[in-house]
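[1] could you look at this predicted model? Sequence included:
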Amino acid sequence: MSTEAAPAAEPVVAPPPAGWEEARSRVYAVGLAAALPATNRSLAEADGHTLVEPLTTRTDLPAFPTSSVDGWAVRGAGPWQVVGRVLAGGAPPPLAEEGSTVEIATGAMVPAGATAILRIEESERTADGRITGTPRPAPEWRLPGEEARAGEELLPAGTPVDPALLGLAASCGHDSLRVRRPPRAALLVFGDELLTSGPPTAGRVRDALGPAVPSWLRRYGCQVRPADVVGPVADTLPAHVAALRQALAGADLICTTGGTMHGPVDHLHPALEALGADYVVNTVAVRPGFPMLLARVTSDDGRVRFVAGLPGNPQSAIVSLVSLVAPLLAGLQGRQMPLLPQVTLAESVPGRGDYTHLALVRLDRVAGTAYPVRHVGSAMLRGLARADGFAVIRPGNSGEPGARVPFVPLPLFPGERAS
Ligand SMILES: Nc1nc2c(c(=O)[nH]1)N[C@H]1C(S)=C(S)[C@@H](COP(=O)(O)OP(=O)(O)OC[C@H]3O[C@@H](n4cnc5c(N)ncnc54)[C@H](O)[C@@H]3O)O[C@H]1N2
Ligand code: MOO
(Lines give C-alpha, C1' and ligand atoms only; values in the text may rest on other atoms or scores of the structure.)
(Ligands and ions follow the chains in the order given, each with its own letter.)
Protein backbone atom coordinates (compact mmCIF):
# COMPACT_ATOMS: atom_id res chain seq x y z
CA MET A 1 0.00 0.00 0.00
CA SER A 2 1.86 3.15 1.05
CA THR A 3 5.18 1.49 0.34
CA GLU A 4 4.38 1.31 -3.37
CA ALA A 5 5.72 4.05 -5.62
CA ALA A 6 3.27 6.93 -5.94
CA PRO A 7 4.87 9.38 -8.36
CA ALA A 8 1.58 11.06 -9.23
CA ALA A 9 0.31 11.41 -5.66
CA GLU A 10 -0.89 14.89 -4.68
CA PRO A 11 1.22 16.54 -1.97
CA VAL A 12 -0.60 16.18 1.31
CA VAL A 13 -0.73 19.17 3.62
CA ALA A 14 -1.31 17.80 7.08
CA PRO A 15 -1.64 19.69 10.37
CA PRO A 16 1.19 19.07 12.83
CA PRO A 17 0.81 15.85 14.81
CA ALA A 18 -0.63 15.99 18.29
CA GLY A 19 1.73 15.37 21.18
CA TRP A 20 1.28 11.87 22.61
CA GLU A 21 -0.04 12.92 26.02
CA GLU A 22 -2.20 15.66 24.54
CA ALA A 23 -3.69 13.14 22.07
CA ARG A 24 -4.52 10.74 24.91
CA SER A 25 -6.25 13.41 26.98
CA ARG A 26 -8.21 14.68 23.99
CA VAL A 27 -9.36 11.20 23.04
CA TYR A 28 -10.38 10.41 26.61
CA ALA A 29 -12.39 13.64 26.93
CA VAL A 30 -14.18 13.02 23.64
CA GLY A 31 -14.96 9.44 24.68
CA LEU A 32 -16.31 10.60 28.04
CA ALA A 33 -18.54 13.15 26.31
CA ALA A 34 -19.98 10.26 24.25
CA ALA A 35 -20.20 7.82 27.19
CA LEU A 36 -22.41 4.81 26.57
CA PRO A 37 -25.97 4.94 27.96
CA ALA A 38 -26.77 3.71 31.46
CA THR A 39 -28.69 0.48 31.90
CA ASN A 40 -29.60 -2.01 34.66
CA ARG A 41 -27.90 -5.40 34.83
CA SER A 42 -28.44 -8.26 37.25
CA LEU A 43 -25.32 -9.19 39.22
CA ALA A 44 -25.00 -12.33 37.10
CA GLU A 45 -24.74 -10.20 33.95
CA ALA A 46 -22.80 -7.19 35.23
CA ASP A 47 -19.19 -8.44 35.18
CA GLY A 48 -17.03 -6.18 32.99
CA HIS A 49 -19.55 -3.35 33.02
CA THR A 50 -18.93 0.01 34.75
CA LEU A 51 -20.81 1.61 37.66
CA VAL A 52 -22.87 4.64 36.61
CA GLU A 53 -23.63 5.56 40.22
CA PRO A 54 -21.68 4.95 43.42
CA LEU A 55 -22.08 1.59 45.11
CA THR A 56 -23.79 2.18 48.44
CA THR A 57 -24.82 -0.38 51.02
CA ARG A 58 -28.53 -0.94 51.58
CA THR A 59 -28.07 -1.95 55.22
CA ASP A 60 -25.48 -1.80 57.93
CA LEU A 61 -22.73 -4.31 57.24
CA PRO A 62 -23.04 -6.61 59.00
CA ALA A 63 -26.78 -6.06 59.28
CA PHE A 64 -27.03 -7.70 62.73
CA PRO A 65 -24.66 -8.66 65.57
CA THR A 66 -22.99 -11.75 64.15
CA SER A 67 -21.12 -14.45 66.02
CA SER A 68 -17.65 -15.03 64.60
CA VAL A 69 -17.18 -18.39 66.36
CA ASP A 70 -19.02 -21.60 67.25
CA GLY A 71 -19.72 -21.60 70.98
CA TRP A 72 -22.04 -20.29 73.66
CA ALA A 73 -23.67 -16.88 73.82
CA VAL A 74 -23.82 -16.25 77.55
CA ARG A 75 -25.45 -13.72 79.83
CA GLY A 76 -23.71 -12.66 83.04
CA ALA A 77 -21.45 -14.94 85.09
CA GLY A 78 -21.31 -18.75 84.70
CA PRO A 79 -21.92 -21.54 85.04
CA TRP A 80 -24.69 -20.99 82.50
CA GLN A 81 -27.96 -22.85 82.02
CA VAL A 82 -28.55 -23.87 78.38
CA VAL A 83 -31.87 -22.43 77.18
CA GLY A 84 -31.64 -23.02 73.44
CA ARG A 85 -29.65 -22.93 70.27
CA VAL A 86 -29.28 -20.41 67.44
CA LEU A 87 -27.99 -21.34 64.02
CA ALA A 88 -26.91 -19.08 61.15
CA GLY A 89 -30.10 -17.76 59.56
CA GLY A 90 -32.13 -17.75 62.77
CA ALA A 91 -33.46 -14.73 64.66
CA PRO A 92 -33.10 -15.67 68.34
CA PRO A 93 -35.24 -14.39 71.21
CA PRO A 94 -33.38 -12.29 73.82
CA LEU A 95 -31.33 -14.01 76.50
CA ALA A 96 -33.57 -12.81 79.31
CA GLU A 97 -32.09 -14.51 82.38
CA GLU A 98 -28.73 -13.88 84.07
CA GLY A 99 -26.74 -17.13 84.01
CA SER A 100 -28.39 -18.44 80.84
CA THR A 101 -26.80 -19.36 77.50
CA VAL A 102 -27.69 -20.47 73.98
CA GLU A 103 -25.50 -22.59 71.80
CA ILE A 104 -24.49 -20.41 68.85
CA ALA A 105 -23.03 -21.13 65.41
CA THR A 106 -20.56 -18.99 63.45
CA GLY A 107 -22.57 -16.46 61.47
CA ALA A 108 -25.64 -16.68 63.70
CA MET A 109 -27.30 -13.58 65.11
CA VAL A 110 -26.23 -12.89 68.68
CA PRO A 111 -29.30 -12.68 70.93
CA ALA A 112 -30.02 -9.41 72.70
CA GLY A 113 -28.83 -9.58 76.31
CA ALA A 114 -25.71 -11.68 75.55
CA THR A 115 -22.66 -10.34 77.33
CA ALA A 116 -19.99 -12.65 75.85
CA ILE A 117 -19.42 -15.63 73.60
CA LEU A 118 -17.44 -18.60 74.87
CA ARG A 119 -15.73 -20.72 72.22
CA ILE A 120 -16.94 -24.31 72.10
CA GLU A 121 -13.42 -25.70 72.50
CA GLU A 122 -12.82 -23.53 75.55
CA SER A 123 -16.01 -24.63 77.34
CA GLU A 124 -16.89 -27.56 79.59
CA ARG A 125 -20.05 -29.08 80.94
CA THR A 126 -20.67 -29.44 84.64
CA ALA A 127 -22.17 -32.64 86.04
CA ASP A 128 -25.59 -31.01 86.08
CA GLY A 129 -25.32 -30.07 82.35
CA ARG A 130 -24.47 -26.41 82.74
CA ILE A 131 -21.67 -24.67 80.79
CA THR A 132 -18.48 -23.29 82.34
CA GLY A 133 -15.39 -21.57 80.95
CA THR A 134 -13.81 -18.17 80.57
CA PRO A 135 -14.78 -16.10 77.51
CA ARG A 136 -11.86 -14.33 75.83
CA PRO A 137 -11.63 -10.65 76.67
CA ALA A 138 -11.90 -9.53 73.02
CA PRO A 139 -15.46 -9.67 71.64
CA GLU A 140 -16.19 -12.75 69.54
CA TRP A 141 -18.86 -11.08 67.43
CA ARG A 142 -19.06 -8.47 64.74
CA LEU A 143 -21.10 -5.36 65.45
CA PRO A 144 -23.71 -3.97 63.02
CA GLY A 145 -22.13 -1.29 60.80
CA GLU A 146 -18.59 -2.37 61.65
CA GLU A 147 -17.75 -2.70 57.93
CA ALA A 148 -20.12 -0.02 56.61
CA ARG A 149 -23.13 2.05 57.67
CA ALA A 150 -26.43 1.83 55.75
CA GLY A 151 -26.28 4.27 52.83
CA GLU A 152 -22.50 4.64 52.97
CA GLU A 153 -20.69 5.02 49.61
CA LEU A 154 -18.31 2.12 49.14
CA LEU A 155 -17.09 2.66 45.58
CA PRO A 156 -17.43 5.64 43.24
CA ALA A 157 -19.23 5.88 39.89
CA GLY A 158 -16.88 4.83 37.11
CA THR A 159 -15.58 1.76 38.95
CA PRO A 160 -15.21 -1.29 36.70
CA VAL A 161 -17.42 -4.17 37.84
CA ASP A 162 -15.16 -7.06 38.77
CA PRO A 163 -15.67 -10.17 40.89
CA ALA A 164 -14.74 -8.36 44.10
CA LEU A 165 -17.31 -5.64 43.42
CA LEU A 166 -19.97 -8.23 42.55
CA GLY A 167 -19.46 -9.99 45.86
CA LEU A 168 -19.53 -6.73 47.77
CA ALA A 169 -22.68 -5.58 45.95
CA ALA A 170 -24.43 -8.83 46.82
CA SER A 171 -23.32 -8.69 50.45
CA CYS A 172 -24.84 -5.23 50.83
CA GLY A 173 -28.14 -6.17 49.31
CA HIS A 174 -28.08 -5.38 45.59
CA ASP A 175 -29.75 -7.61 43.01
CA SER A 176 -28.84 -5.43 40.04
CA LEU A 177 -26.58 -2.50 39.28
CA ARG A 178 -26.89 0.66 37.22
CA VAL A 179 -24.05 0.32 34.74
CA ARG A 180 -22.66 1.13 31.33
CA ARG A 181 -22.23 -1.89 29.12
CA PRO A 182 -18.88 -2.87 27.61
CA PRO A 183 -18.25 -1.14 24.27
CA ARG A 184 -18.91 -3.11 21.08
CA ALA A 185 -15.98 -3.07 18.70
CA ALA A 186 -15.44 -4.20 15.12
CA LEU A 187 -12.26 -4.64 13.08
CA LEU A 188 -11.73 -3.96 9.38
CA VAL A 189 -8.44 -5.19 7.95
CA PHE A 190 -7.25 -3.36 4.82
CA GLY A 191 -4.56 -4.62 2.46
CA ASP A 192 -4.75 -6.63 -0.77
CA GLU A 193 -1.26 -7.98 -0.05
CA LEU A 194 -2.48 -9.92 2.98
CA LEU A 195 -2.83 -13.68 3.16
CA THR A 196 -5.19 -15.21 5.67
CA SER A 197 -3.62 -18.67 5.78
CA GLY A 198 -0.31 -20.38 5.19
CA PRO A 199 3.21 -18.96 5.08
CA PRO A 200 4.03 -15.55 3.59
CA THR A 201 5.41 -15.71 0.04
CA ALA A 202 7.10 -13.32 -2.37
CA GLY A 203 5.35 -9.98 -2.01
CA ARG A 204 2.61 -11.21 0.29
CA VAL A 205 2.48 -11.23 4.10
CA ARG A 206 0.15 -12.90 6.54
CA ASP A 207 -2.52 -10.76 8.10
CA ALA A 208 -1.20 -10.57 11.66
CA LEU A 209 -3.73 -8.03 12.91
CA GLY A 210 -7.00 -9.79 12.10
CA PRO A 211 -6.09 -12.59 14.52
CA ALA A 212 -4.54 -10.31 17.16
CA VAL A 213 -6.52 -7.07 17.45
CA PRO A 214 -9.89 -8.59 18.46
CA SER A 215 -8.25 -10.34 21.38
CA TRP A 216 -6.43 -7.18 22.44
CA LEU A 217 -9.77 -5.36 22.30
CA ARG A 218 -11.43 -8.06 24.39
CA ARG A 219 -8.70 -7.67 26.97
CA TYR A 220 -9.65 -4.00 27.15
CA GLY A 221 -13.18 -5.17 27.97
CA CYS A 222 -14.76 -4.78 24.50
CA GLN A 223 -17.27 -7.16 23.00
CA VAL A 224 -16.02 -8.30 19.60
CA ARG A 225 -18.11 -10.93 17.83
CA PRO A 226 -16.35 -13.07 15.20
CA ALA A 227 -18.73 -11.64 12.56
CA ASP A 228 -17.45 -8.15 13.37
CA VAL A 229 -13.93 -9.02 12.19
CA VAL A 230 -13.87 -8.35 8.45
CA GLY A 231 -11.10 -8.50 5.90
CA PRO A 232 -9.03 -8.14 4.00
CA VAL A 233 -11.33 -5.48 2.60
CA ALA A 234 -10.56 -4.82 -1.09
CA ASP A 235 -8.22 -1.89 -1.70
CA THR A 236 -10.84 0.34 -3.34
CA LEU A 237 -12.59 3.38 -1.95
CA PRO A 238 -16.13 2.01 -2.45
CA ALA A 239 -15.22 -1.22 -0.65
CA HIS A 240 -13.76 0.76 2.26
CA VAL A 241 -16.80 3.02 2.53
CA ALA A 242 -19.21 0.08 2.35
CA ALA A 243 -17.30 -1.90 5.00
CA LEU A 244 -17.18 1.11 7.34
CA ARG A 245 -20.89 1.83 6.87
CA GLN A 246 -21.78 -1.75 7.67
CA ALA A 247 -19.57 -1.83 10.76
CA LEU A 248 -20.92 1.51 12.00
CA ALA A 249 -24.40 0.00 12.17
CA GLY A 250 -23.49 -2.24 15.09
CA ALA A 251 -20.29 -1.04 16.76
CA ASP A 252 -19.38 1.80 19.09
CA LEU A 253 -15.78 1.62 17.89
CA ILE A 254 -14.39 0.40 14.59
CA CYS A 255 -10.69 -0.28 14.39
CA THR A 256 -9.17 -0.37 10.94
CA THR A 257 -5.68 -1.56 10.09
CA GLY A 258 -3.51 -0.21 7.28
CA GLY A 259 -4.14 2.54 4.81
CA THR A 260 -3.52 5.38 7.26
CA MET A 261 -0.98 7.05 4.96
CA HIS A 262 -1.61 8.70 1.64
CA GLY A 263 -0.25 6.10 -0.78
CA PRO A 264 -1.95 5.11 -4.02
CA VAL A 265 -4.18 2.51 -2.40
CA ASP A 266 -4.53 4.06 1.07
CA HIS A 267 -8.25 4.81 1.18
CA LEU A 268 -8.94 5.39 4.84
CA HIS A 269 -8.83 9.19 4.78
CA PRO A 270 -11.04 9.53 1.67
CA ALA A 271 -13.43 6.95 3.16
CA LEU A 272 -13.71 8.94 6.40
CA GLU A 273 -14.39 12.04 4.37
CA ALA A 274 -17.12 10.21 2.45
CA LEU A 275 -18.73 9.28 5.77
CA GLY A 276 -18.64 12.86 7.04
CA ALA A 277 -16.32 11.92 9.90
CA ASP A 278 -14.32 14.52 11.81
CA TYR A 279 -10.88 13.90 13.22
CA VAL A 280 -10.33 13.82 16.96
CA VAL A 281 -6.66 13.09 16.35
CA ASN A 282 -4.94 12.81 12.98
CA THR A 283 -1.32 11.65 13.44
CA VAL A 284 0.50 11.64 16.77
CA ALA A 285 4.12 12.61 17.47
CA VAL A 286 5.01 9.13 18.67
CA ARG A 287 7.29 6.42 17.30
CA PRO A 288 6.35 3.91 16.21
CA GLY A 289 2.76 4.48 15.15
CA PHE A 290 2.93 8.07 13.95
CA PRO A 291 0.05 7.86 11.37
CA MET A 292 -2.52 6.67 13.94
CA LEU A 293 -5.81 8.51 13.98
CA LEU A 294 -9.15 8.67 15.70
CA ALA A 295 -12.21 9.98 13.89
CA ARG A 296 -15.76 10.54 15.07
CA VAL A 297 -18.88 9.78 13.06
CA THR A 298 -22.10 11.42 14.25
CA SER A 299 -25.26 10.00 12.74
CA ASP A 300 -28.44 11.98 12.04
CA ASP A 301 -29.97 10.82 15.34
CA GLY A 302 -26.98 12.27 17.20
CA ARG A 303 -25.39 8.93 17.99
CA VAL A 304 -21.60 9.10 18.05
CA ARG A 305 -19.29 6.26 16.99
CA PHE A 306 -15.56 6.18 16.52
CA VAL A 307 -13.10 4.93 13.94
CA ALA A 308 -9.57 4.24 15.17
CA GLY A 309 -7.18 4.04 12.24
CA LEU A 310 -4.32 1.75 13.23
CA PRO A 311 -1.26 1.89 10.97
CA GLY A 312 -0.52 -1.24 8.95
CA ASN A 313 2.88 -1.97 10.47
CA PRO A 314 1.85 -4.51 13.10
CA GLN A 315 3.70 -3.14 16.12
CA SER A 316 2.55 0.38 15.21
CA ALA A 317 -1.04 -0.87 15.27
CA ILE A 318 -0.61 -2.11 18.84
CA VAL A 319 1.07 1.17 19.87
CA SER A 320 -2.06 2.87 18.58
CA LEU A 321 -4.28 0.58 20.65
CA VAL A 322 -2.47 1.37 23.89
CA SER A 323 -2.10 5.06 22.98
CA LEU A 324 -5.55 6.04 21.68
CA VAL A 325 -7.97 3.14 21.92
CA ALA A 326 -7.37 2.48 25.63
CA PRO A 327 -8.20 6.06 26.74
CA LEU A 328 -11.15 6.20 24.33
CA LEU A 329 -12.63 3.01 25.78
CA ALA A 330 -12.12 4.32 29.31
CA GLY A 331 -14.04 7.47 28.40
CA LEU A 332 -16.85 5.60 26.65
CA GLN A 333 -17.34 3.49 29.75
CA GLY A 334 -17.25 6.47 32.09
CA ARG A 335 -14.10 5.15 33.75
CA GLN A 336 -11.09 7.10 34.91
CA MET A 337 -8.36 8.02 32.46
CA PRO A 338 -5.91 5.09 32.70
CA LEU A 339 -3.09 6.23 34.96
CA LEU A 340 0.38 5.21 33.92
CA PRO A 341 2.58 3.61 36.55
CA GLN A 342 6.30 4.36 36.64
CA VAL A 343 9.05 1.84 35.97
CA THR A 344 12.79 1.97 36.52
CA LEU A 345 14.82 1.30 33.40
CA ALA A 346 17.43 -1.43 33.79
CA GLU A 347 19.17 -0.47 30.54
CA SER A 348 19.30 2.59 28.35
CA VAL A 349 16.52 3.25 25.85
CA PRO A 350 17.09 5.77 23.06
CA GLY A 351 14.84 8.76 22.59
CA ARG A 352 13.26 9.70 19.28
CA GLY A 353 14.01 13.41 19.00
CA ASP A 354 10.83 15.47 18.94
CA TYR A 355 8.68 12.35 19.15
CA THR A 356 7.63 10.35 22.18
CA HIS A 357 9.21 6.91 22.00
CA LEU A 358 7.11 3.96 23.10
CA ALA A 359 9.74 1.30 23.71
CA LEU A 360 8.77 -2.31 24.29
CA VAL A 361 10.00 -3.49 27.69
CA ARG A 362 9.75 -6.56 29.81
CA LEU A 363 9.32 -6.19 33.54
CA ASP A 364 11.74 -7.92 35.86
CA ARG A 365 9.29 -8.45 38.70
CA VAL A 366 11.96 -9.59 41.13
CA ALA A 367 14.30 -6.65 40.57
CA GLY A 368 11.41 -4.23 40.03
CA THR A 369 12.89 -2.92 36.78
CA ALA A 370 12.05 -2.80 33.07
CA TYR A 371 14.45 -3.72 30.33
CA PRO A 372 14.13 -3.29 26.58
CA VAL A 373 13.42 -6.38 24.50
CA ARG A 374 14.89 -7.15 21.06
CA HIS A 375 13.16 -7.39 17.68
CA VAL A 376 11.18 -4.20 18.05
CA GLY A 377 10.97 -2.89 14.47
CA SER A 378 7.54 -1.49 13.71
CA ALA A 379 6.94 -4.34 11.22
CA MET A 380 7.90 -6.94 13.87
CA LEU A 381 5.84 -8.71 16.49
CA ARG A 382 8.53 -10.85 18.09
CA GLY A 383 9.47 -8.28 20.72
CA LEU A 384 5.83 -7.58 21.55
CA ALA A 385 5.22 -11.25 22.27
CA ARG A 386 7.81 -11.10 25.09
CA ALA A 387 6.99 -7.66 26.44
CA ASP A 388 4.73 -6.46 29.25
CA GLY A 389 4.22 -3.02 27.79
CA PHE A 390 5.96 0.15 26.65
CA ALA A 391 8.31 2.48 28.47
CA VAL A 392 7.51 6.09 27.57
CA ILE A 393 10.53 8.18 26.61
CA ARG A 394 9.39 11.77 26.36
CA PRO A 395 10.34 14.08 23.45
CA GLY A 396 13.86 15.43 23.74
CA ASN A 397 14.85 12.77 26.29
CA SER A 398 16.60 9.46 26.29
CA GLY A 399 16.04 6.78 28.88
CA GLU A 400 19.12 6.33 31.06
CA PRO A 401 19.58 3.25 33.23
CA GLY A 402 17.97 3.91 36.61
CA ALA A 403 15.56 6.53 35.22
CA ARG A 404 11.94 6.39 36.33
CA VAL A 405 9.67 6.66 33.31
CA PRO A 406 5.94 6.14 32.66
CA PHE A 407 4.89 2.67 31.58
CA VAL A 408 1.94 1.76 29.34
CA PRO A 409 0.92 -1.81 30.10
CA LEU A 410 -0.32 -4.22 27.47
CA PRO A 411 -3.77 -5.42 28.55
CA LEU A 412 -2.61 -8.90 29.50
CA PHE A 413 -4.54 -11.37 31.61
CA PRO A 414 -2.86 -12.58 34.82
CA GLY A 415 -0.32 -15.26 34.05
CA GLU A 416 0.21 -14.30 30.42
CA ARG A 417 3.80 -13.19 31.04
CA ALA A 418 4.40 -15.39 34.05
CA SER A 419 7.59 -17.02 32.76
N1 LIG B 1 6.20 7.97 2.16
C2 LIG B 1 6.00 7.51 3.39
N3 LIG B 1 5.67 6.24 3.54
C4 LIG B 1 5.46 5.75 4.75
C5 LIG B 1 5.57 6.59 5.89
C6 LIG B 1 5.90 7.93 5.71
O7 LIG B 1 6.01 8.71 6.67
N8 LIG B 1 6.08 8.35 4.42
N9 LIG B 1 5.35 6.09 7.13
C10 LIG B 1 5.51 4.68 7.31
C11 LIG B 1 4.91 4.33 8.60
S12 LIG B 1 5.65 4.98 9.93
C13 LIG B 1 3.89 3.46 8.70
S14 LIG B 1 3.40 2.91 10.25
C15 LIG B 1 3.19 2.96 7.56
C16 LIG B 1 1.71 3.08 7.78
O17 LIG B 1 1.09 2.83 6.62
P18 LIG B 1 -0.40 2.42 6.45
O19 LIG B 1 -1.17 2.53 7.70
O20 LIG B 1 -0.89 3.14 5.27
O21 LIG B 1 -0.26 0.87 6.21
P22 LIG B 1 0.00 0.03 4.92
O23 LIG B 1 0.75 0.85 3.91
O24 LIG B 1 -1.25 -0.54 4.52
O25 LIG B 1 0.93 -1.09 5.48
C26 LIG B 1 2.18 -0.80 6.04
C27 LIG B 1 2.95 -2.12 6.22
O28 LIG B 1 2.24 -2.95 7.11
C29 LIG B 1 1.90 -4.20 6.49
N30 LIG B 1 0.58 -4.59 6.98
C31 LIG B 1 -0.56 -3.92 6.76
N32 LIG B 1 -1.58 -4.57 7.33
C33 LIG B 1 -1.07 -5.66 7.90
C34 LIG B 1 -1.64 -6.73 8.63
N35 LIG B 1 -2.95 -6.79 8.87
N36 LIG B 1 -0.82 -7.73 9.05
C37 LIG B 1 0.50 -7.67 8.78
N38 LIG B 1 1.09 -6.67 8.12
C39 LIG B 1 0.31 -5.68 7.67
C40 LIG B 1 1.91 -3.90 5.05
O41 LIG B 1 2.10 -5.04 4.27
C42 LIG B 1 3.06 -2.90 4.93
O43 LIG B 1 4.27 -3.59 4.94
O44 LIG B 1 3.53 3.66 6.41
C45 LIG B 1 4.92 3.83 6.19
N46 LIG B 1 5.11 4.43 4.92
O1 MOO C 1 5.27 4.86 12.82
MO2 MOO C 1 5.43 3.62 11.71
O3 MOO C 1 4.19 3.25 12.70
O4 MOO C 1 7.04 3.84 12.37
O5 MOO C 1 5.93 2.07 11.60
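    Everything's here; your move. Ligands and ions are numbered 1, 2, ... in the order given.

[2] please enumerate the helices of this structure.
    According to DSSP state H, the chain carries its helices in the segments 20-33, 163-171, 209-219, 237-250, 268-274, 314-320, 326-332.

[3] of these, which stretch is the most buried?
    Mean neighbour count (mean count of other Cβ atoms under 10 Å) peaks for helix 314-320 among the helices of the chain, with a mean of 27. For every residue, glycine as well, the C-beta is placed using N, CA and C.

[4] so does that one get close to ligand 2?
    Yes. Helix 314-320 reaches ligand 2 (Cβ under 6 Å from any ligand atom) through Ser316.

[5] mind checking how far Ala212 is from ligand 1?
    Going from Ala212 to ligand 1 by Cβ to the nearest ligand atom, to the nearest Å gives 9 Å.

[6] same deal with Arg219?
    According to Cβ to the nearest ligand atom, Arg219 stands 18 Å off from ligand 1.

[7] check the residue in the stretch 101-250 of the chain that ligand 2 sits nearest to and give its pLDDT.
    Among the residues of the stretch 101-250 of the chain, Leu209 lies closest to ligand 2, at 12.7 Å counting by Cβ to the nearest ligand atom. Looking at Leu209, its pLDDT reads 97.

[8] contact partners for it?
    Shown in contact with Leu209 (Cβ atoms under 8 Å, 6 or more residues apart in numbering): 187, 189, 257-258, 310, 312, 314, 317.

[9] pLDDT of the longest strand anywhere in the chain, averaged?
    When the chain is parsed with DSSP state E, its longest strand is strand 356-364. On average, the pLDDT along strand 356-364 is 97.

[10] give the pairing partners of that strand; include direction for each.
    Using DSSP bridges, strand 356-364 pairs in its sheet with strand 286-287 (parallel), strand 369-372 (antiparallel), strand 389-393 (antiparallel).

[11] to ligand 1, which of these lies closest?
    Minimum separation from ligand 1 across those (Cβ to the nearest ligand atom) falls at strand 286-287, 7.8 Å.

[12] got the contact list for that closest one?
    With Cβ under 8 Å, 6+ apart, strand 286-287 has contacts from 20, 23, 292, 319, 323, 352, 355-358.

[13] may I see the buried residues of stretch 256-263?
    256-263 (16 or more other Cβ atoms under 10 Å).

[14] excluding chain neighbours, give the residue nearest to Met292 in space.
    Nearest residue to Met292 in three dimensions, chain neighbours excluded: Ser320, at 3.8 Å (Cβ to Cβ, 6 or more residues apart in numbering).

[15] who does the lowest-mean-pLDDT helix or strand in the chain pair up with?
    Here the helix or strand of the chain ranked lowest by mean pLDDT, DSSP states H and E is strand 194-195, holding a mean of 92. Sheet pairing of strand 194-195 (DSSP bridges) gives strand 205-206 (parallel).

[16] count the neighbours of Ala202 for me.
    When neighbours are defined as other Cβ atoms under 10 Å, Ala202 has 4 of them.

[17] for Leu381, see how far away it is.
    Using Cβ to Cβ, to the nearest Å, we find Ala202 at a distance of 20 Å from Leu381.

[18] and for Ser398?
    Distance, Ser398 to Leu381, using Cβ to Cβ: 25 Å.

[19] and for Thr257?
    For Thr257, the distance to Leu381 (Cβ to Cβ) stands at 13 Å.

[20] now Ala243. Nearest residue, chain neighbours left out?
    Val233 (4.6 Å).
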